[in-house]
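**Q** Just to be clear, the model below is a prediction. Sequence and coordinates:
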Amino acid sequence: MCDDVWGAEKIDSWSDLTEWVEEVNTYASSGVSKYLYRGQARPYGSLLPTLTRYLLNTNMSESDRDKLEGEMLKRFVREAHIHMDDLPAKLTVAPIEATFLSWWGVMLQYRAVTRVLDWTGSPYVAVYFAVEKDFDKDGEVFCYNQELLENVHAQWVRDQKLKCWPVQLSREAYNSSYMQVDGKAVIHHFIHEEQTARMAAQQGVFTVCTDILADHAKLLACYLGEGQRGSGYRRAIIPGKLKPKFLKRLREMNITAKAMFPGIAGIGLSLAEHVRVLTRQGEARGPHALGDEGLARPALSGPGACGRPGGGADPQGSADRGQAEWQPEPELPV
């Protein structure tokens, strides 16, 4: 179970959350947070990309998986420029095979299914995605020390007598066992040099794995080591009953759907978010004036094979691991 590997620190109040963040959120000398965070609105106990969730429930061959992934990439690239005003310039001129990682990141931001997971450098942005929906379910926040993972990669580079970490692999390498560290599929993170508005708003970073079926949670724990739990990687659980209250606190910090999703989509999502909170709290009574943020403002009374399912890994009895009923729509990007 993920609880056994990552732990499950329960957050019982907003003060608990701020204390947890202060304890975890240390910074490098460059001023950048050492940790990356990911929030999920349900306690899946795993870190499975959307495409992985689908594929684990099929008998699709490796070659068919590759064809599916490649076709989705081509179709998205073919039409994205029509609709995106902030498409990174690099993606408009470079061949797909040289930029597929960046395209996967963009695709994920617009709800396409990919093998990529999105993270954020902000703990509170991650909390937002853990609490913004599914009020009847607990949410979870994962975090890990990105410096530790980079150190693992650096040691592998030295062991292989390479000049540098091969950041830009061919897409074929992501569909084979070509890249392995100590017999494990490679997982690493990357950030876009040219970010879209959504990536910038969410402080987005991405993890990707050479094994399309891998659980990123298991692989990260394997690479970072069991002895690093607590200092190298952690997981917090936020009870569903606290989600509406936490959303209100986050709104005071301007962490809302409107901020996370710049543009007309964010306005619509903010209104939907507002209604969810009001109806959950029983406060949707009478007319409410819309404020400058475009949100109603009522008068409130108060505030195995390591990393891969199967192959000896603990099945965990969850749909996330691909052996039971598939969970509904995966979480929005962090």
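**A** That came through, no problem.

**Q** so where is the stretch 151-300 of the chain shaky, pLDDT-wise?
**A** Under the criterion pLDDT under 70, the flagged ranges of the stretch 151-300 of the chain are 156-184, 192-193, 281-300.

**Q** what are the ranges of the helices in the stretch 1-150 of the chain?
**A** 2-6, 14-24, 50-55, 62-83, 89-93, 96-109, 123-131, 146-159 (DSSP state H, counting those that start in this stretch).

**Q** Just the CA coordinates for the fourth one, please, in PDB.
**A** Listed in PDB are the C-alpha atoms of helix 62-83, where the atom choice follows Å, rounded to 0.1, in the frame of the first residue of the first chain:
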ATOM      1  CA  GLU A  62       3.400  -2.500 -26.400                       C
ATOM      2  CA  SER A  63       3.400  -1.700 -30.200                       C
ATOM      3  CA  ASP A  64      -0.300  -0.800 -30.100                       C
ATOM      4  CA  ARG A  65       0.300   1.500 -27.100                       C
ATOM      5  CA  ASP A  66       3.100   3.200 -29.000                       C
ATOM      6  CA  LYS A  67       0.900   3.700 -32.000                       C
ATOM      7  CA  LEU A  68      -1.900   5.100 -29.900                       C
ATOM      8  CA  GLU A  69       0.400   7.500 -28.100                       C
ATOM      9  CA  GLY A  70       2.000   8.600 -31.300                       C
ATOM     10  CA  GLU A  71      -1.300   9.200 -33.000                       C
ATOM     11  CA  MET A  72      -2.600  11.300 -30.200                       C
ATOM     12  CA  LEU A  73       0.500  13.400 -30.300                       C
ATOM     13  CA  LYS A  74       0.300  14.000 -34.000                       C
ATOM     14  CA  ARG A  75      -3.400  14.900 -33.900                       C
ATOM     15  CA  PHE A  76      -2.900  17.400 -31.100                       C
ATOM     16  CA  VAL A  77       0.100  19.100 -32.800                       C
ATOM     17  CA  ARG A  78      -1.900  19.300 -36.000                       C
ATOM     18  CA  GLU A  79      -4.600  21.500 -34.500                       C
ATOM     19  CA  ALA A  80      -3.200  23.100 -31.400                       C
ATOM     20  CA  HIS A  81      -1.900  26.200 -33.200                       C
ATOM     21  CA  ILE A  82      -5.400  27.100 -34.300                       C
ATOM     22  CA  HIS A  83      -6.600  27.600 -30.800                       C
END
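
**Q** buried stuff in that helix?
**A** The neighbour-count check on helix 62-83 (16 or more other CB atoms under 10 Å) flags Arg65, Asp66, Leu68, Glu69, Met72, Leu73, Phe76, Val77, Ala80 as buried. The way it works is simple: take the backbone N, C-alpha and C, and place the C-beta from them, glycine included.
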